[in-house]
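>>> Fold the following.
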Amino acid sequence: MKFNRMGQTDEFISELCLGTMTYGTQTPEDDAFRQMDLAVDQGINIFDTAEMYPVNPISKETQGDSERIIGKWLKKSGQRDKVLIATKVAGDGMRLIRNGAPISSKTIPEAVDASLRLLQTDYIDLYQLHWPNRGSYMFRQNWTYNPTSQNRDETLDNMEDVLSCLDGLIKEGKIRYIGLSNESAWGTSQWLRVADEKNLPRMQILQNEYSLLCRLFDLDLGELSHNEKVGLLSYSPLAAGLLTGKYQGGKTVPAGSRMSIVAQMGGRATPRVWPAIEAYNEVAQKYGVDLPLLALAWCRYRFFMASAIFGATTYDQLTYLLTSTKISLSEDCLEDIDRVQKSHPMPF
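Next up is the predicted model:
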């Protein structure tokens, strides 16, 4: 297992981060416990969750169950000192939580205390803002994104308000580090600028979607990541399961899989995605690697990658995906991957 520095902190996190957003819906508690045991045993030292999890489906009845299951495992296992717990405060538009109230100094303390109770811990290692108040181009909104309704002064005032609140929580010992999710290059740069100017805590991580099929991070955000030392904690490196190949070629959708619950895979299941997956699968076959293992191993070669969040519905799936850490990709393989990217850019 490779480890990368988390932002400008002294923490080093494993190249793979265990995602837990199915814990409590698709993944029952006993299997989740086995997964967390295995992850730690194999060297993973960071788990990611959120106050709104689990998903597939999201519901008021299950909201918070992922944190609750992690909390039970932390208490039972006694391994709190071996893992960094990353969780997120829900943002504007996540209507099941606080009726969609925007992230502010009014909502964060309540959210932090609720997460601490569910996680059965005294502190959160990495606290992330799940969704910008002003909106985001993530989740396929890049095709129609229009920021002209944003108010710059309001955004910057909110950033100072939020950072001041987080600063207080860090000083109380409830949070150690902070990060962003679903943010843009401009947004991230402003969070950093406000922090520097006001002597407030710095965002250390940016959690955005990134995979062979979604490479929005490659350009402006990649440049920002390198120069500002804000690493990518990527989600959906297997494109919500599309890069496992299990949906390819008109196969029957497996019962209990994400596609059986969310047919369009959050807008990812487009006509253009299937030939792109097939092209990547041909590369994988050429080099004797399974496609999902290729997709996870490839993340390690991206210069801005801090860790790739991957989830597994079952313990057996997790066992298989962990073997990706033993795979090395040649320069020829990486060049072939880039050639496919040029032929099939952003297929969803």
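>>> Name the residues of the one helix or strand Pro275 maps to that are buried.
Per DSSP states H and E: Pro275 is located in helix 273-286. Of the residues in helix 273-286, 273-274, 276-277, 279-281, 283-284 count as buried by neighbour count, 16 or more other CB atoms under 10 Å. All C-beta atoms are positioned from the backbone trio N, CA, C, and that covers glycine.
>>> Next: stretch 286-302.
Neighbour-count burial for stretch 286-302 [16+ other CB under 10 Å]: 289-300, 302.
>>> Same check on stretch 155-169?
155, 158-163, 165-167, 169.
>>> Give me the contacts around it.
The contact list for stretch 155-169 (CB atoms under 8 Å, 6 or more residues apart in numbering) reads 102-105, 108-109, 112, 127, 129, 133-134, 175, 178, 187, 190-191, 194-195, 198, 200-201.
>>> Ile139 - that's part of a helix, no?
One thing to correct before we go on: residue 139 is Phe, not Ile. No. Counting by DSSP: H, G, I helix; E, B strand; the rest coil, Phe139 is located in no helix; its state is coil.
>>> is it true that it touches Arg268?
No. With contact defined as CB atoms under 8 Å, Phe139 and Arg268 do not form a contacting pair (9.5 Å).
>>> more crowded one of those two?
Of the pair Phe139 and Arg268, Arg268 is the one with more neighbours under other CB atoms under 10 Å, namely 23 against 12.
>>> wait, doesn't the more buried one sit right on Glu209?
No. At 9.6 Å, Arg268 does not count as touching Glu209 under the criterion of CB under 8 Å.
>>> Now do the next helix or strand after the helix holding Pro275 against helix 273-286: the angle between them, please.
Moving toward the C-terminus from helix 273-286, the next helix or strand (DSSP H and E) is helix 291-299. Calculated by axes from the mean of the first three to the mean of the last three CA atoms, to 10 degrees, helix 291-299 forms an angle of 80 degrees with helix 273-286.
>>> Now the element after helix 291-299, going C-ward?
By DSSP H and E, the next helix or strand past helix 291-299 is strand 305-310.
>>> And the helix or strand where Asp196 lies, what does it pack against?
Using DSSP H and E, Asp196 falls within helix 185-198. If contacts are counted by 3 or more CB pairs under 8 Å, 6 or more residues apart in numbering; DSSP states H and E, helix 185-198 sits against helix 152-172, strand 175-181, strand 203-207, helix 220-228.
>>> I'd guessed Lys234 sits against Glu209; true?
Actually, residue 234 is Ser rather than Lys. Yes. The criterion here is CB under 8 Å, and Ser234 meets it with Glu209 at 7.0 Å.
>>> tally of neighbours for Ile58?
For Ile58, using other CB under 10 Å, the count is 16.
>>> How about Ala195?
Quick note: Ala195 (other CB under 10 Å) scores 19 neighbours.
>>> tell me the pLDDT at it?
Note on Ala195: pLDDT of 99.
>>> show me what contacts the closest residue in space to it that isn't next to it in sequence?
Spatial nearest neighbour of Ala195, excluding adjacent residues (CB to CB, 6 or more residues apart in numbering): Arg202 at 4.8 Å. Contacts for Arg202 (CB under 8 Å, 6+ apart) come out as 7-8, 178, 192, 195-196.
>>> and which of these is nearest Glu29?
Ile178 (29.1 Å; CB to CB).
>>> shouldn't that closest one be in contact with Pro201?
Yes. Ile178 is in contact with Pro201 according to CB under 8 Å; the separation is 5.7 Å.
>>> just for the stretch 51-200 of the chain, where's the confidence low?
93 (pLDDT under 70).
>>> Kindly indicate which of the buried residues of helix 273-286 lies nearest Gly43.
So of those, ranked by how close each gets to Gly43 (CB to CB), first place is Ala284, at 24.2 Å.
>>> For the closest one, give me its contacts.
Counting by CB under 8 Å, 6+ apart, Ala284 has contacts 290-291, 293-294.
>>> give me that answer again for 10 Å
243, 245, 290-295, 298, 333, 336-337 (CB atoms under 10 Å, 6 or more residues apart in numbering).
>>> next one: Thr9
Taking CB under 10 Å, 6+ apart as the test, what Thr9 contacts is 125-126, 176-177, 202, 204-205, 229.
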